[in-house]
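Undergrad: predicted model and sequence below, questions to follow.
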Amino acid sequence: MALNVVMLGPPGAGKGTQAERFAREHGIPKISTGDILREAVQSGSELGRAVEAVMERGELVSDELITGIVRERLGRPDVAGGFVLDGFPRTVPQAEALDGIVAGRHPLIVIEMQVPDEELVRRVQARRVCRACGTNVSAFGSNPSAVVRCETCGGELVTRSDDTEAVVRERLRVYWRDTRPMIEYYGRRPTFRAIDGAQGPDEVWQALVGAVMAVAAEAGLSVPPGARP
Ligand code: AP5
């Protein structure tokens with residue numbers, strides 16, 4: 001039985017954080033389109049050069065380009081036991097394309113994480129990312145500039161170039177304009193659930209696992225032990 005999970009939500013909702021944990025606990029790949037694009041930018045590849053400016057403005061790269069990347073990724077054998085999609089789809093055409101890509105597989109379990117805008121801006125502005133291992137750290141508190149080294153590997157912590165307040169607000173504007181209608185597209189399905197993402201990470205995890213289990217049970221899928229809270 002494959003758990004094919006799609007994590008939806010605005011920038012900073014915690015999609016990546018929860019997707020990472022879910023994927024690790026189930027031994028399935030986390031497929032983050034944001035990570036794939038950032039790696040391409042860092043490597044200086046043709047793809048990276050094509051998307052860098054778009055990402056820095058907080059806009060979306062084209063449906064055609066991103067769908068091609070996901071189609072190729074979901075064609076690899078390691079997704080046979082399931083996958084967690086983080087950051088894709090983000091528009092109705094991407095969602096329609098995904099339906100075509102996964103036709104004939106186990107149903108998509110679609111989870112929307114809901115968080116108020118001001119909390120999103122706060123989280124994203126506090127985010128630091130390790131340049132070496134990619135770990136996310138939250139630099140909340142009185143002296144956020146003191147958080148400079150990764151606790152996992154000692155690497156340098158940096159701010160993502162699209163995490164400035166102005167770009168985050170643009171990403172939110174794009175989210176409400178382009179992505180929110182897509183969530184309505186999924187909202188009519190029995191395999192869709194919305195969860196409260198404004199709680200602490202462990203509470204969000206419990207809500208995520210509970211929602212996935214409920215959908216899987218209703219869809220007649222057996223849930224592996226690792227999925228239980
Ligand atoms: P992407 O990387 O996907 O960015 P995003 O969707 O804006 O999401 P974020 O990574 O900002 O947030 P998240 O929800 O993953 O939250 P996280 O767990 O990190 O995309 C970047 C860009 O790439 C896009 O703008 C676009 O240009 C392009 N792109 C990507 N996919 C595309 C597509 N499909 N189509 C077109 N273009 C595409 O958490 C955020 C912070 O909060 C972290 O510091 C974390 O530690 C903290 N945190 C997490 N959970 C909690 C909690 N419960 N309480 C408190 N803090 C928390």
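TA: Alright, I've got the coordinates.
Undergrad: who does the closest residue to Ala13 other than its chain neighbours bridge with?
TA: Nearest residue to Ala13, sequence neighbours excluded (C-beta to C-beta, 6 or more residues apart in numbering): Met113, at 4.2 Å. Any C-beta I mention is one placed from the backbone N, CA and C, and that applies to glycine too. Under the criterion DSSP bridges, Met113 forms beta bridges with Ile195.
Undergrad: so who does Met113 touch?
TA: 7-9, 13-15, 18, 194-195, 197, 204 (C-beta atoms under 8 Å, 6 or more residues apart in numbering).
Undergrad: what's the pLDDT at it?
TA: If you check Met113, the pLDDT there is 98.
Undergrad: repeat for Arg128
TA: 91.
Undergrad: part of a strand, is it?
TA: Yes - using DSSP: H, G, I helix; E, B strand; the rest coil, the assignment for Arg128 is a strand.
Undergrad: now do the contacts for it.
TA: Per C-beta under 8 Å, 6+ apart, neighbours of Arg128: 136-139, 147, 157-159.
Undergrad: the ligand next: which of the residues you listed are close?
TA: The subset of the contacts of Arg128 within reach of the ligand, by C-beta under 6 Å from any ligand atom, is 136, 138.
Undergrad: now the two most distant members of the contacts of Arg128.
TA: Ser138 and Val158 (14.1 Å; C-beta to C-beta).
Undergrad: give me the more crowded residue out of the two.
TA: Neighbour count, other C-beta atoms under 10 Å: between Ser138 and Val158, Ser138 has more, with 16 against 12.
Undergrad: how close does that one get to Gln42?
TA: 22 Å (C-beta to C-beta, to the nearest Å).
Undergrad: OK, contacts around the residue in the chain that the ligand sits nearest to?
TA: Using C-beta to the nearest ligand atom, the closest approach of the chain to the ligand is made by Gly34 at 1.9 Å. Contact analysis of Gly34 by C-beta under 8 Å, 6+ apart lists 16, 86-87.
Undergrad: which other helices and strands does the longest helix that the chain contains contact?
TA: The longest helix of the chain (DSSP state H) is helix 201-218. Contact partners of helix 201-218 among helices and strands, from 3 or more C-beta pairs under 8 Å, 6 or more residues apart in numbering; DSSP states H and E: strand 3-8, helix 15-26, strand 108-114, strand 192-196.
Undergrad: let's have the ones you listed in a markdown table, adding distance to Ala219.
TA: Shown next, in a markdown table, are these (distance: least, C-beta to C-beta, whole Å):
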| stretch | distance to Ala219 |
| --- | --- |
| strand 3-8 | 10 |
| helix 15-26 | 17 |
| strand 108-114 | 8 |
| strand 192-196 | 11 |
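Undergrad: for Asp63, find the nearest of those.
TA: Across these, closest to Asp63 is strand 3-8 (C-beta to C-beta), at 16.0 Å.
Undergrad: identify the residues contacting the closest one?
TA: 15, 18-19, 22, 26, 28, 82-89, 98, 102, 105-113, 179, 182-183, 186, 212, 216, 221, 223-224, 227.
Undergrad: again, only using 7 Å
TA: With C-beta atoms under 7 Å, 6 or more residues apart in numbering as the test, strand 3-8 has contacts from 15, 18-19, 22, 26, 28, 82-86, 102, 105-106, 108-113, 183, 212, 216, 227.
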